[in-house]
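K.L.:
Structure of the sequence below:
(chains A, B, C and D, ligands or ions: 4)
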2 protein chains.
Amino acid sequence: MENNSIFVEKLRSSGLRPTKQRIKICKLLFDRKETFHFTINNLSKILKKDKSEKISLATIYNTVHSFKKKGYLKEISVNQNKSYFDTNTSNHHHFLDINTNELIDLKNEDVHNIKIKKRIPGKKINSIEVLVKIENSN
Amino acid sequence: MENNSIFVEKLRSSGLRPTKQRIKICKLLFDRKETFHFTINNLSKILKKDKSEKISLATIYNTVHSFKKKGYLKEISVNQNKSYFDTNTSNHHHFLDINTNELIDLKNEDVHNIKIKKRIPGKKINSIEVLVKIENSN
DNA sequence: CACTACTTTAGAATCATTATAAATTATAAA
DNA sequence: TTTATAATTTATAATGATTCTAAAGTAGTG
Ligand SMILES: [Mn+2]
Ligand SMILES: [Mn+2]
Ligand SMILES: [Zn+2]
Ligand SMILES: [Zn+2]
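P.N.:
Residues are numbered from 1 along each chain as shown, chains lettered A, B, ... in the order given. Ligands and ions are numbered 1, 2, ... in the order given. Sure, this is the predicted structure:
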């Protein structure tokens, strides 16, 4: 109820009406210091904890997709069953813990310069993403 | 009907009975020089062309999954809707054409040495995969 | 040939996601 | 403030890829 104004502005400035559902999801997603990686199911469970104001699953999908469209979220493909979303929308690399399915951001400095020597005629590079799968070291 | 014996042996040696369905799928997948990247839907459509011997969708799923389990196929995650499979089971990198959704293998020499400077305590690296998204250059 | 375990198959079930259409709400105009 | 309108939320249905089920068919073995 306090500094919601930041999110109200954020929403208004991108042409989205600041509904209470969107503001709540904004706070959950963007009011944190670290990158947040989540699935719809994760988000849904967190939102369900507040039984006072239930947000429908359809709204969760709608909101996440409109935030993605506005560039506030990025979709990550690491697993074919579920979509992961990422509050870090810059081009960056990931660790994927294959024991827990958790994504962890890598800073660009953490990955040595990547150079692709091959080119495909008529095509240009759009992005380069590194996925480092990690597992328990025993 | 000729050099099926290669595939019959391949199947037998991995404890899979050489049924006509499996042999047919083997020929389609492994009797080629280039790496083959496909979805179940792709494979299904190709198999449907031969109307003389229909293979059920369940068998296509079963076969692809047992080939994966035996190490003859690798599953690739580039898209959250569909699973891609790859006849190149080594650790390797890809171009993904975002206009056509086509995967193209990169040789290891095509990607400059990748070094990951960050480590997570208690975790070891399992694999490093680079996905280079490409698009029409105009 | 006879037996058994493995395989194939059609169809049902599951599950994430998207679509639908009616009720609600935010916003701007009156 | 009231009204009008378009945007939004919602419950529910629909979709589509994948997996499950259980019955019929087949390969391997003796
Ligand atoms: Mn999506
Ligand atoms: Mn799978
Ligand atoms: Zn990230
Ligand atoms: Zn490949």
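K.L.:
Let me see the domain layout of chain A.
P.N.:
Here the domain parsing of chain A from automatic domain parsing is A:4-84, A:89-134.
K.L.:
now the shortest one: mean pLDDT?
P.N.:
Confidence for domain A:89-134, expressed as mean pLDDT, is 94.
K.L.:
from the middle of its chain, how far away would it be?
P.N.:
15 Å (C-alpha atoms, centre = their mean, to the nearest Å).
K.L.:
how long is it end to end?
P.N.:
22 Å (C-alpha to C-alpha, to the nearest Å).
K.L.:
likewise stretch A:115-126?
P.N.:
14 Å.
K.L.:
Go through that stretch and flag the buried ones.
P.N.:
Judged by neighbour count using 16 or more other C-beta atoms under 10 Å in any protein chain shown, the buried positions of stretch A:115-126 are A:116, A:123. For glycine as for every other residue, the C-beta is placed from the backbone atoms N, C-alpha and C.
K.L.:
which residues are contacting that stretch?
P.N.:
With contact meaning C-beta atoms under 8 Å, 6 or more residues apart in numbering or on different chains, stretch A:115-126 is reached by A:128, B:95, B:97-98, B:104, B:106-107, B:109-112, B:132-138.
K.L.:
which of these come close to DNA strand C?
P.N.:
With C-beta under 7 Å from any atom of the strand as the criterion, no member of these is in contact with DNA strand C.
K.L.:
which among those end up buried?
P.N.:
Using 16+ other C-beta under 10 Å, the buried members of the contacts of stretch A:115-126 are A:128, B:95, B:97, B:98, B:104, B:106, B:110, B:111, B:132, B:133, B:134, B:135.
K.L.:
hang on, the earlier thing: out of the domains of chain A, flag the one nearest DNA strand D.
P.N.:
Among the domains of chain A, the nearest to DNA strand D by C-beta to the nearest atom of the strand is domain A:4-84 (3.2 Å).
K.L.:
near DNA strand D, anything from that closest one?
P.N.:
Yes: Domain A:4-84 is in contact with DNA strand D by C-beta under 7 Å from any atom of the strand, via A:15-17, A:19, A:21-22, A:54-59, A:62-63, A:80.
K.L.:
Just confirm yes or no for that domain near chain B.
P.N.:
Yes: for domain A:4-84, a contact with chain B is found by C-beta under 8 Å from any C-beta of the partner chain, at A:75, A:77, A:78, A:79, A:80, A:82, A:83.
K.L.:
Next step: the contacts of stretch A:115-126 restricted to helices.
P.N.:
Per DSSP state H, helices hold no members of these.
K.L.:
May I see the domains of chain A arranged in TSV, with distance to residue B:31 as well?
P.N.:
What follows is the domains of chain A, written out as TSV (distance: least, C-beta to C-beta, whole Å):
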stretch	distance to residue B:31
domain A:4-84	26
domain A:89-134	26
